[in-house]
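S.K.: Test case, fold it:
(2 chains, ligands or ions: 1)
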Amino acid sequence: MGLPGDEELVARLRARDEAAFALVLDSWSPGLLRLARSFVSTGESAAEVVQDTWLAVIKGIDGFEGRSSLKTWVFRILVNTAKRRGKREYRTIPASDLGPTVDPAKFGGPGDPFPGHWLELPAPWPGPDQAALDGEVRAQVSAALADLPERQRVVLTLRDVEGYDSAEVCAILEISAANQRVLLHRARAFVRGKLDAYFTDEEVAR
Amino acid sequence: MNCEQFVEQVTAFLDGVMDPAAERRFVDHLAECDGCGTYLDQVRATVRTLGDLPPENLPPEARESLLAAFRRTDV
Ligand SMILES: [Zn+2]
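M.R.: Sure thing, here's the model as predicted:
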């Protein structure tokens, strides 16, 4: 769906053009809902966070300064709204977010012939093309996403579910590129591990 | 580079933010190691599946009340 450029959008929103508001509301609400869900546990409160966000956008659009894109500004309002609810802080990486992302037991130790190499190679996942992953796999991924620590879930949602690039995610969450990468890396490794366990178990079951 | 180091560099590699020397070591390892090739493919497949999750929409009543709120605010 093609949205007009920011300059035109902002001008139309300030002129209280309802069609323009409906356009951004419908284009961005699915992404906002998903992001809200990564902060709050129920669909109901996620919808509330999104509604509060849009109300803040309506109130604040005249003061929008254009230092970020309009969409980034709206997403940032959502993050702040959601954080205010939970009084959360995103700036630093806790110690639990450091350390290896793949179980060290999967690699050879110092005494092994190939230290630091896979003891057993990861088995390729089924399917002629790994892109062709079915609904059940998607359900596994959703469940894994829900199991992640919140900060990792928020970054993974923005990067991989919503498709933002690293600079945009840093702008929305106001974190450094390095922090962003650590969180993304851990989150991806976790979800990949869950999928791997799912495929491995399935193979055993067959 | 060994496999244990490789798996920690995957995100930096996919984001294209490794320095050239480290990236070369990463690619050299990839060329030599089937296990890490599989691992990288699996991370890519994971990212694709995440991007494939179905969107959710705002409840119609919420949408209506937001449009009404927009209408109510005068310049
Ligand atoms: Zn390897």
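S.K.: Nearest residue to the residue nearest the centre of chain A in space, ignoring adjacent ones along the chain?
M.R.: Centroid check for chain A by C-alpha atoms, centre = their mean gives A:Thr157 as the closest residue, at 1.3 Å. Excluding its sequence neighbours, the residue lying closest to A:Thr157 (C-beta to C-beta, 6 or more residues apart in numbering or on different chains) is A:Ser38, at 4.5 Å. (Each C-beta comes from the backbone N, C-alpha and C, glycine too.)
S.K.: Chain B against the ion: which residues are in contact?
M.R.: Selection of chain B residues close to the ion by C-beta under 5 Å from the ion yields B:Cys3, B:Cys33, B:Cys36.
S.K.: Show residues contacting the lengthiest helix in chain B.
M.R.: Scanning chain B for the helix with the most residues, using DSSP state H, yields helix B:34-51. The contact list for helix B:34-51, computed with C-beta atoms under 8 Å, 6 or more residues apart in numbering or on different chains, reads A:117-118, A:121-125, A:130-131, A:133, A:137-138, A:141, A:145, A:156, A:160-161, A:163, A:188-189, A:191-192, A:195-196, B:3, B:6-7, B:10-11, B:13-14, B:29-30.
S.K.: among those residues, which ones are buried?
M.R.: A:117-118, A:121-122, A:125, A:130, A:133, A:137, A:141, A:145, A:156, A:160-161, A:188-189, A:191-192, A:195-196, B:3, B:6-7, B:10-11, B:13-14, B:29-30 (16 or more other C-beta atoms under 10 Å in any protein chain shown).
S.K.: Of these, which belong to strands?
M.R.: Counting by DSSP state E, none of the members of the buried ones among the contacts of helix B:34-51 fall within strands.
S.K.: For residue 49, the count of nearby residues, please.
M.R.: Went with chain A since none was named. 23 (other C-beta atoms under 10 Å in any protein chain shown).
S.K.: nope, chain B please
M.R.: Using other C-beta under 10 Å: B:Thr49 sits among 24 other residues.
S.K.: give the contact list for the residue nearest to A:Thr157.
M.R.: A:Leu145, A:Glu150, A:Arg153, A:Val154, A:Thr157.
S.K.: try 7 Å this time
M.R.: Listed by C-beta atoms under 7 Å, 6 or more residues apart in numbering or on different chains, the contact set of A:Ser38 reads A:Glu150, A:Arg153, A:Val154, A:Thr157.
S.K.: Low-confidence stretches in chain A?
M.R.: A:1, A:86-97, A:127-133, A:202-206 (pLDDT under 70).
S.K.: mind listing the helices for it?
M.R.: Going by DSSP H, chain A shows helices at A:6-14, A:18-37, A:43-60, A:70-86, A:135-147, A:150-156, A:166-173, A:177-205.
S.K.: quick revisit: verify the stated contact: the residue nearest to the centre of chain A with A:Leu33.
M.R.: No: with contact defined as C-beta atoms under 7 Å, A:Thr157 does not reach A:Leu33; the gap is 10.5 Å.
S.K.: ok, back up a step: of the contacts of A:Ser38 - the most surrounded one?
M.R.: Neighbour-wise, the contacts of A:Ser38 (other C-beta under 10 Å) top out at A:Val154, 26 neighbours.
S.K.: If we ignore the residues flanking it in sequence, what's nearest that one?
M.R.: That would be A:Ser38: by C-beta to C-beta, 6+ apart, it lies 4.6 Å from A:Val154.
S.K.: how about the residue nearest to the centre of chain A, what does it touch?
M.R.: A:Arg34, A:Leu35, A:Ser38.
S.K.: What is the burial count for the first one?
M.R.: Yep, that's A:Arg34 we're talking about. 20.
S.K.: got the contact list for it?
M.R.: Counting by C-beta under 7 Å, 6+ apart, A:Arg34 has contacts A:Thr157, A:Val161, A:Glu162, B:Glu56.
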